[in-house]
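[1] quick one: sequence plus predicted model below, questions after.
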Amino acid sequence: MTYFIETFDKPDHQAVRQALRPQHLDFLQTHAHRLLACGAKLRDDGSDAGGGVYIITADSLAEAQAFIHADPFFQGELFAEVRITRWRKAYVDGVCHLPGAQ
């Protein structure tokens, strides 16, 4: 199964994000096998918008929750909110993943 995880940073926590970033990147590398995509949300000018998006494979909602709870950003209390939604792959990198579609 695939899950879409959206995070929202607490206000005025950019210093926390920057301090935890090296551990967060190590975490992502360790879990690269389950990442379809992930990255920070940005403003139009390219500056940090205070949150991120992860699209991961997991066997259950509980496993997706365990994944985000293990992220150093979560453990460092950076997030004000986390939303987890089961997601259907339709197209990834221009490739259709819908059964029966060509």
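    Arrived safely, thanks for sending. Numbers count the residues shown, from 1 in each chain.
[2] what sits closest to L36 if chain neighbours are left out?
    Nearest residue to L36, sequence neighbours excluded (Cβ to Cβ, 6 or more residues apart in numbering): I55, at 4.2 Å. Any C-beta I mention is one placed from the backbone N, CA and C, and that applies to glycine too.
[3] pull the number of nearby residues for the one you found.
    Per other Cβ atoms under 10 Å, the neighbour tally for I55 reads 18.
[4] tell me where the model's unsure across this protein.
    Residues of the chain meeting the criterion pLDDT under 70: 102.
[5] and the contacts of the longest helix seen in the chain?
    Ranked by residue count and defined by DSSP state H, the top helix of the chain is helix 14-30. With contact meaning Cβ atoms under 8 Å, 6 or more residues apart in numbering, helix 14-30 is reached by 9-10, 35, 38, 48, 50, 70-73, 76-78.
[6] what do you get if the cut-off is 7 Å, keeping everything else the same?
    Applying Cβ atoms under 7 Å, 6 or more residues apart in numbering, the external contacts of helix 14-30 come out as D9, L35, C38, D48, D71, P72, F73, G76, L78.
[7] distance from that helix to the middle of the chain?
    12 Å (Cα atoms, centre = their mean, to the nearest Å).
[8] name the residues that touch the helix or strand just after that helix?
    Next helix or strand after helix 14-30 toward the C-terminus (DSSP states H and E): strand 35-42. Outside strand 35-42, the residues that touch it by Cβ under 7 Å, 6+ apart are T2, L28, D48, A49, G51, G52, V53, Y54, I55, I56, T57, V92.
[9] what residue lies at the spatial centre of this protein?
    Most central in the chain under Cα atoms, centre = their mean is Y54, positioned 2.1 Å from the mean C-alpha point.
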